[in-house]
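Engineer: coordinates only, sequence not included:
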């Protein structure tokens, strides 16, 4: 199993960022497609990518890919794949499925056929008629796109956006994955001030602190493939030790999270404490019109209310106008704002330097980027807060 094929699955719009992260980890032979990056690796790559990827949703082990327009083709070709190389005799192997623009559109039928085919394949290795499935979990997915079936095994378990620190959430929480993407896209440096004036449960400031300290986002959580006999505990220990040694706890960060809701600030503080970052982020219960800073340069990165509901649209519009007035006072700062409101630039009072389409869950959003002047001091690319392994 020295050479295997892996897939880093992402939400739409984050593929390039996840590919960038993979290159920084040393994986360069990448195939980037909508929602996924395929790359060759080894057993250690399973551990390292799960531990380090900030903008991917999960890491999958690719078992096979083939064209299938009939159920017989799906069954026969799935049966020929080397399932027993990965699944032990007592493996628990549920089958999930999805289909788009394919002749095989019945997901439940595809799942049942793949399940039966995997059982028949395993019988070649294990001489038995029934598998108890009381061992470690290997979730199989059959994904059909334009009549091409991709068969994978999930190595992650609970999605990578679940870092383990967010035990409490506020209203309309921002995913950790998207928060990390916003910070990376802003090109924030650990020696630069960062303010989130709508911090909610604290996800953007906490993700910034993890990036600033070069802490692996998965360092404090478990992964389903840790239970697999295929990957030794010693290998997981080795990768975690590498991550601990890569962390830069000597850095001093300038991160502030504010929110008008004192309850949200209490939740943010608890989440930061769970992440081991309580001393590195300053929290304040303040409305956006209190926003100010004595620092000449910095970045505002935020996810304000969108006004998606009819009764909230006027409030959101008024808020965006207020943001435009307040942010303009920090005229040497850069602003990075995520919202689904198509009139944001008009309400904010300024056209963005650049905007990028992303998804916040199922909501299409734009990431509005307003570039301030470049600070006079030179920057070290290694200080950009990306993985430095």
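Structural biologist: Right, received. Where do you want to start? Predicted model only: the values in this text are computed from it and were never measured.
Engineer: ok, now how distant is residue 261 from residue 245?
Structural biologist: To residue 245, residue 261 is 39 Å away according to CB to CB, to the nearest Å. Placement of C-beta: from N, CA and C, glycine included.
Engineer: which one of these two has more residues nearby?
Structural biologist: Taking neighbours as other CB atoms under 10 Å, residue 261 and residue 245 compare with residue 261 leading, 16 against 8.
Engineer: Test my guess that that one contacts residue 285.
Structural biologist: Yes - judged on CB atoms under 8 Å, residue 261 makes contact with residue 285 at a distance of 7.2 Å.
Engineer: Tell me which residues of whichever strand or helix holds residue 284 come out buried.
Structural biologist: Assignment of secondary structure by DSSP states H and E places residue 284 within strand 281-285. By neighbour count on 16 or more other CB atoms under 10 Å, the buried set for strand 281-285 is 281, 283.
Engineer: before we move on, what about stretch 205-221?
Structural biologist: 205-219, 221.
Engineer: Just the residues you listed: which are in helices?
Structural biologist: 205-212 (DSSP state H).
Engineer: Quickly name whichever of these is closest to residue 338.
Structural biologist: residue 207 (13.1 Å; CB to CB).
Engineer: what residues are up against that closest one?
Structural biologist: 54, 176, 179-180, 183, 217 (CB atoms under 8 Å, 6 or more residues apart in numbering).
Engineer: Among those, which lie within helices?
Structural biologist: 176, 179-180, 183.
Engineer: Using JSON lines, lay out these together with pLDDT and distance to residue 163.
Structural biologist: Below are these laid out as JSON lines (pLDDT from 0 to 100; distance: CB to CB, whole Å):
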{"residue": "176", "pLDDT": "96", "distance to residue 163": "5"}
{"residue": "179", "pLDDT": "97", "distance to residue 163": "10"}
{"residue": "180", "pLDDT": "98", "distance to residue 163": "9"}
{"residue": "183", "pLDDT": "98", "distance to residue 163": "14"}
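Engineer: between the residues you listed, which has the most around it?
Structural biologist: Going by other CB under 10 Å, residue 180 tops the ones in helices among the contacts of residue 207 with 29 neighbours.
Engineer: Just give the nearest non-adjacent residue to it, would you?
Structural biologist: residue 54 (3.9 Å; CB to CB, 6 or more residues apart in numbering).
Engineer: isn't the one you found right next to residue 21, touching?
Structural biologist: Yes - in terms of CB under 8 Å, residue 54 counts as a neighbour of residue 21; the distance is 6.4 Å.
Engineer: Tell me which of these two has more neighbours.
Structural biologist: Ranked by neighbour count (other CB under 10 Å), residue 54 and residue 21 place residue 54 first, with 26 against 23.
Engineer: low-scoring stretches of the stretch 1-150 of the chain, by residue?
Structural biologist: 1-2 (pLDDT under 70).
Engineer: what's near enough to touch residue 27?
Structural biologist: With the criterion set at CB under 8 Å, 6+ apart, residue 27 makes contact with 39-41, 45, 49.
Engineer: Show me which of the ones in helices among the contacts of residue 207 is closest to residue 122.
Structural biologist: Using CB to CB, the ones in helices among the contacts of residue 207 come closest to residue 122 at residue 176, 36.2 Å.
Engineer: May I have the residues that are in contact with the residue nearest to residue 180?
Structural biologist: 21, 177, 180-181, 184, 207, 210-211, 217.
Engineer: Repeat that for residue 210.
Structural biologist: Counted by CB under 8 Å, 6+ apart, residue 210 has contacts 54, 163, 180, 217, 275, 277.
Engineer: Could you report the pLDDT at the fourth one?
Structural biologist: Pointing back at residue 217 there. With respect to pLDDT, residue 217 scores 97.
Engineer: hey, where'd the helices end up in this structure?
Structural biologist: 15-24, 43-52, 71-79, 107-123, 176-185, 203-212, 233-246, 262-274, 313-328, 344-348.
Engineer: Need those in a markdown table (columns: distance to residue 32).
Structural biologist: Output for the helices of the chain, formatted as a markdown table (distance: least, CB to CB, whole Å):
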| stretch | distance to residue 32 |
| --- | --- |
| helix 15-24 | 5 |
| helix 43-52 | 15 |
| helix 71-79 | 25 |
| helix 107-123 | 26 |
| helix 176-185 | 15 |
| helix 203-212 | 22 |
| helix 233-246 | 24 |
| helix 262-274 | 32 |
| helix 313-328 | 34 |
| helix 344-348 | 29 |
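Engineer: Can you tell me which of those is packed in deepest?
Structural biologist: helix 203-212 (a mean of 28; mean count of other CB atoms under 10 Å).
Engineer: Give me the average confidence score over it.
Structural biologist: 98.
Engineer: the inter-axis angle of that helix versus helix 262-274?
Structural biologist: 20 degrees (axes from the mean of the first three to the mean of the last three CA atoms, to 10 degrees).
Engineer: number of nearby residues for the nearest residue to residue 233 once chain neighbours are set aside?
Structural biologist: Counting by CB to CB, 6+ apart, the nearest residue to residue 233 once its immediate chain neighbours are dropped is residue 226, at 7.6 Å. Using other CB under 10 Å, residue 226 is surrounded by 16 other residues.
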